[in-house]
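In: Predicted model and sequence below, questions to follow.
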Amino acid sequence: MTALESVLLKFLWTLLVLLFLICESAPCAELKQVSKPNVLFIAIDDLACTLGCYGDQVAKTPNIDRLAATGVCFQRAYNQLPLCNPTRASLLTGLRPDQIKVYDLDRHFREEIPDVITLPQAFQQAGYYVARVGKIFHYNVPASIGTNGLDDPPSWMCVVNPKGRDTAEEELVFNTEPHKKISAALSWLAAEGNDDEQTDGMIATEAIQIMNTNKSSPFFLAVGFFRPHTPYIAPKKYFDLYSNANLQIPYAPLDDREDIPIAAFAHNCSEPHYGLEKDILIKATQAYYACVSFVDAQVGRLLDALDHFKLTDNTIVVLWSDHGYHLGDHLGVWQKRTLFEQSARAPLIIRAPDKAGNGQVCRRVVEFIDMYPSLTSLAKVDSPSGLPGRDLSPLLADPLMPWDGYAVTQVLRPADARLPQPVMGCSIRDRRWRYTEWAEGEAGVELYDHHADPMEFHNLAADPDPRNSAVIERLRKALHERASGKIPLTPFQPKRL
């Protein structure tokens, strides 16, 4: 063999070895990419803790209960501002409302912080396919169904905006207060037809198609359902699940409102029960629960699709509602916009693969701003520095571990006949107490002991007991440490009657 032939032979052997190594490493690279966990991010509009897994004895929610039984159900999760646009903007930026200056339904968070990296953007930057179906950022409901609403285009690579027969049949909706839009009034329709004709049914169908198309690569799929937001529209079969004879208006003592500041009650619900008769209120309650069961069925379809596509073991599932919801509490409060427990608290369930806490209940106090750092941590995705939320991963491993949790919720009251100028209310919740102050205390203060008074009937701030004063001072300090940067307000001047 000549020297030249020897060199050529060595070259060929080297080339063969390199080709072999490349071929062997390709499946590993593919496996490494696929092993990134998917995220199924489910948002439900205006859903209270009216779920079986939260102890509701009326609700028929087998699918969300199934998710809770295989994940961690956070029993004390609190939103940052109980109104659709502010709470969604806060959760998706990981920032408090005072940082993004969003307190109402019209302002976009990028007006204040144009370069913020949202949660879906963080997953985009990590190489995920990021898509949205339905309502994730704010929409006016039902007017904006089928549009992008007040969306954030940089957050998504794909958006789908279904529009079902519920929008075409709005003239059939029963409105208890015809002088109001159906979006603001107690209004409902037991619809004809099937689930997949309704917007939320179409949302589930589109989301399942995206799962199927992208099942071989990591995805962040945000699925936002519109119900049970008013108008309460669901196929008739879900209304039939609930008998009006088994429904009732929440109890409250007749003097419940006497020790509560005026600002505590939302301007759009100043009259108890909107002045409606009990039989109408019971029908509205039935319609609300019907929508909860309707959306539960769509959640079940998503969970079944994960199983069908063999994605369950590699998908983080998070289900949340943007805020809680009143169904007649406190002698006639409906919907949201309060700092009471029913509005500030909302469902949050997280199921992460191979976490020891799956199947357990967590009663530690957590906040919605905790979701951003938690999901990026679980997926090993970089997140912006300085986020105020906490990583909940330790609680997913051990829901009973010690956790010094506080939750801050706030709401801005516009000036009206009751209030001479805008008033900011801020509330802090720990494992036992809720402390609330309006206009930094100038427009009223509230303190509730959840060990003795879980429905918040007795405002202990009106009690001169020095033990209450000590609790107030401790929580006031904690509140002001966590809720810095409140909007400047002129000193409150009580309205003279």
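Out: Structure's in. What do you need?
In: CA only for contacts and neighbour counts going forward, please
Out: Will do.
In: in the stretch 351-497 of the chain, which segments are predicted with low confidence?
Out: Low-confidence segments of the stretch 351-497 of the chain, defined by pLDDT under 70: 483-497.
In: Strands of that one, start to end?
Out: 360-362, 366-367, 407-413, 423-429, 433-438, 445-449 (DSSP state E, counting those that start in this stretch).
In: Between the ones you listed, which one is closest to Pro235.
Out: When those are compared by Cα to Cα, strand 360-362 sits nearest Pro235, at 31.7 Å.
In: Enumerate the sheet neighbours of that closest one, specifying parallel or antiparallel for every one.
Out: As defined by DSSP bridges, the strand partners of strand 360-362 come to strand 72-74 (parallel).
In: Can you report how many residues neighbour Leu83?
Out: Neighbour count for Leu83, taken as other Cα atoms under 10 Å: 25.
In: hmm, back to that, in JSON lines: the strands of the stretch 351-497 of the chain, plus mean neighbour count and distance to Gly52.
Out: Shown next, in JSON lines, are the strands of the stretch 351-497 of the chain (neighbours: other Cα atoms under 10 Å; distance: least, Cα to Cα, whole Å):
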{"stretch": "strand 360-362", "mean neighbour count": "21", "distance to Gly52": "13"}
{"stretch": "strand 366-367", "mean neighbour count": "27", "distance to Gly52": "20"}
{"stretch": "strand 407-413", "mean neighbour count": "25", "distance to Gly52": "24"}
{"stretch": "strand 423-429", "mean neighbour count": "25", "distance to Gly52": "24"}
{"stretch": "strand 433-438", "mean neighbour count": "25", "distance to Gly52": "25"}
{"stretch": "strand 445-449", "mean neighbour count": "23", "distance to Gly52": "25"}
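In: Can you tell me which of these is nearest to Ile280?
Out: Closest to Ile280 of the strands of the stretch 351-497 of the chain, according to Cα to Cα: strand 407-413, at 28.0 Å.
In: Touching, Ala48 and His323? I think so.
Out: Yes: taking Cα atoms under 8 Å as the definition, Ala48 is a contact partner of His323 at 7.1 Å.
In: Please enumerate the shared neighbours of these two.
Out: Contact criterion Cα atoms under 8 Å, 6 or more residues apart in numbering; residues shared by Ala48 and His323: 343, 345-347.
In: ranking those residues by neighbours, who comes first?
Out: Most neighbours among the shared contacts of Ala48 and His323, by other Cα under 10 Å: Arg345, with 30 neighbours.
In: wait, that one sits on Phe74?
Out: No: with contacts counted by Cα under 8 Å, Arg345 stays clear of Phe74, the gap being 10.2 Å.
In: Strands of the stretch 1-150 of the chain, start to end?
Out: For the stretch 1-150 of the chain, the strands defined by DSSP E, counting those that start in this stretch occupy 38-44, 72-74, 77-78, 129-134.
In: Which one of these lies nearest to Trp438?
Out: Closest of these to Trp438 is strand 77-78, at 18.6 Å (criterion: Cα to Cα).
In: what's the domain layout of the chain?
Out: Here the domain assignment for the chain is 35-397, 407-482, based on automatic domain parsing.
In: how far away is the spatially closest residue to Ala305 that is not a sequence neighbour from Ile316?
Out: Computed as Cα to Cα, 6 or more residues apart in numbering, the closest residue to Ala305 that is not its neighbour in sequence is Ile208, at 6.4 Å. Going from Ile208 to Ile316 by Cα to Cα, to the nearest Å gives 16 Å.
In: Then Tyr448?
Out: In terms of Cα to Cα, Tyr448 sits 35 Å off from Ile316.
In: List the contacts of stretch 188-207.
Out: Residues outside stretch 188-207 that contact it (Cα under 8 Å, 6+ apart): 133-134, 160-166, 172-175, 221, 223-227, 230-236, 239, 284, 287, 294-295, 298-299, 301-302.
In: Please identify the buried residues of that stretch?
Out: Buried residues in stretch 188-207, defined by neighbour count with 16 or more other Cα atoms under 10 Å: 188-191, 195-196, 198-207.
In: can you check stretch 308-318 too?
Out: Neighbour-count burial for stretch 308-318, counted by 16+ other Cα under 10 Å, picks out 311-312, 314-318.
In: For His108, state which of these is nearest.
Out: Minimum distance to His108 across the buried residues of stretch 308-318 is 24.3 Å, recorded for Val318 (Cα to Cα).
In: which one is the closest one nearest to, not counting chain neighbours?
Out: Ile350 (4.4 Å).
In: That neighbour contacts Val72, correct?
Out: Yes: here Ile350 reaches Val72: they are 5.4 Å apart, a contact under Cα under 8 Å.
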